[in-house]
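Chemist: here is my input; please provide its structure:
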Amino acid sequence: MSNQVPDGWQLRTVGDLCVVKRGASPRPIQDPKWWGGNVSWVRISDVTASNKYLKKTTQYLSDEGVNKSVNIPKGEVVLSICATIGRPIIINIDACIHDGFVWFSKLDKTIEREYWYYFLLSKEAFFASQRQSGTQGNLNTSIVSDLLCSLPPVKEQQKIAAILTSVDDVIEKTQAQINKLKNLKTGMMQELLTRGVGIDGKPYTEFKDSSVGCIPKGWDCCLLDKVAKRGSGHTPDKQKSEYWNGGIKWVSLTDSSKLDKLHLYKTSKEISQLGIDNSSATLHPSGTVVMARDAGIGKSAIIQSPMAVSQHFMAWVCSDKLDNYFLYYLLQYWKPKFENIAMGSTIKTIGLPFFKKLQIPLPSIDEQKIIAKSLKAIESNIFKLEEKNIKNQAIKKALMQDLLTGKVRVNVE
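Modeler: Residues are numbered from 1 along each chain as shown. This next block holds a predicted model:
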């Protein structure tokens, strides 16, 4: 941070403004006498599951346990120095914190708590970069104490916090819409993929048991291999540079974050025709449904151009009896099932024999398309809102950079 500050601002270290205190955990942690009371105990998992405010915890201390921990007042800010290093949160309840957190005792009264939260949030990447070596990789509290802080007058702090809070409110409301639509999608998949849409707008009234569960009487049930061509992939020799960067998109585990978003347009890595010719890799056509069978089990997508895949993926080219979007949503619906059957001590995986025997429900092709269209409509709205929140997050990041450094001054009148 530059030692230059805007007119009227102060440059202080965190240690000048407060006493950085670390939390404490009852020892031994397994002793039942510390637990089961009414006092909230803040853990790292509580922080990662929350946003700006922590409103509840998942574990509670007994009166004896409270004496072995550190109690902080409601409204104070704590900072994670373990696991999710550098993540701040405002504690909206009376609670104790364990030794994976610090809080800011006797914080200068001229500092607004919400401004303090945003200041610390702006330093999250810096704190994370200061992780100590070791299993836990904790953050040394002296690094927090020595951090310089550009501190505006109270009214300016309040205005900056209000602006950033307004952006956070938009992000939170948008995320609530996303969550609601995701729940709707889950419910729709369960309804449409097991009970169908009916005939001529009328719901099915007769159902039958099948190898995939109860399905409408008019549906078929068959091996996936009978209605789609199954394939997999391979990794060309990484020691041979001529097998790589040859313009052929290659789906690997590196692309996991791009899956479960209906379509896959780009891959992180490319191979060459020589790589295909000298390995078991295959070029799959556009429209192929791909699914990870380990390390991200059940994540899937429909490729939008010819691509090869690694051995960690399955690939299906659908016949005219199976709509590829219907198959995609069926795989999405079955993801929990895939996760449960995966086996392995280090990396869980689903063996190829499972897919040879995999059976699917099969409505008419017209009904498949109607089901897929309904689910695509919901998912399209989810993607739009997620894109909106990505932009909102970028706006927030830019505002924090400008407002918390005084690069852009706010009007407090």
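
Chemist: make it CA atoms for all contacts and neighbour counts henceforth
Modeler: OK.

Chemist: how far is stretch 25-32 from where the chain is centred?
Modeler: Taking the mean C-alpha point of stretch 25-32 and that of its whole chain, the gap between them comes to 31 Å (CA atoms, centre = their mean, to the nearest Å).

Chemist: let me redo that: stretch 389-409
Modeler: Here the centre of mass of C-alpha atoms in stretch 389-409, compared against the chain's by CA atoms, centre = their mean, lies 22 Å away.

Chemist: okay, buried residues for that stretch please.
Modeler: In terms of neighbour count (16 or more other CA atoms under 10 Å), stretch 389-409 has its buried residues at 389, 392-393, 396, 399-400, 403-406.

Chemist: for K369, state which of those residues is nearest.
Modeler: Taking CA to CA as the measure, N389 is the one of the buried residues of stretch 389-409 closest to K369, at 30.0 Å.

Chemist: follow-up on the earlier one: among the buried residues of stretch 389-409, which lie within helices?
Modeler: Residues from the buried residues of stretch 389-409 lying in helices, with DSSP state H as the criterion: 389, 392-393, 396, 399-400, 403.

Chemist: which is the next helix or strand following the helix or strand of the chain with the lowest mean pLDDT?
Modeler: The helix or strand of the chain with the poorest confidence is helix 44-48; it has a mean of 86 (mean pLDDT, DSSP states H and E). Tracing the chain C-terminally past helix 44-48 and defining elements by DSSP states H and E, one meets strand 53-54 next.

Chemist: what residues does that next one touch?
Modeler: Residues lying outside strand 53-54 but in contact with it, judged by CA atoms under 8 Å, 6 or more residues apart in numbering, are 46-47, 89-93.

Chemist: by contact count, what packs against the helix ranked longest in the chain?
Modeler: Ranked by number of residues, the top helix in the chain under DSSP H is helix 154-195. Here helix 154-195 touches helix 113-122, strand 213-216, helix 324-333, helix 365-403, going by 3 or more CA pairs under 8 Å, 6 or more residues apart in numbering; DSSP states H and E.

Chemist: sorry, back to before: looking at the contacts of strand 53-54, which one is closest to K155?
Modeler: For the contacts of strand 53-54, the closest approach to K155 (CA to CA) belongs to I90, at 20.0 Å.

Chemist: mind saving the C-alpha coords of stretch 381-393 as PDB?
Modeler: Only the C-alpha atoms of stretch 381-393 are listed here, as PDB (Å, rounded to 0.1, in the frame of the first residue of the first chain):
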ATOM      1  CA  ASN A 381     -33.000 -18.200 -16.500                       C
ATOM      2  CA  ILE A 382     -30.500 -19.600 -14.000                       C
ATOM      3  CA  PHE A 383     -27.600 -18.900 -16.300                       C
ATOM      4  CA  LYS A 384     -28.800 -15.400 -17.000                       C
ATOM      5  CA  LEU A 385     -29.000 -14.600 -13.300                       C
ATOM      6  CA  GLU A 386     -25.600 -16.200 -12.600                       C
ATOM      7  CA  GLU A 387     -24.100 -14.100 -15.300                       C
ATOM      8  CA  LYS A 388     -25.700 -11.000 -13.700                       C
ATOM      9  CA  ASN A 389     -24.100 -11.900 -10.400                       C
ATOM     10  CA  ILE A 390     -20.700 -12.300 -12.000                       C
ATOM     11  CA  LYS A 391     -21.000  -8.800 -13.300                       C
ATOM     12  CA  ASN A 392     -22.300  -7.600  -9.900                       C
ATOM     13  CA  GLN A 393     -19.300  -9.200  -8.200                       C
END
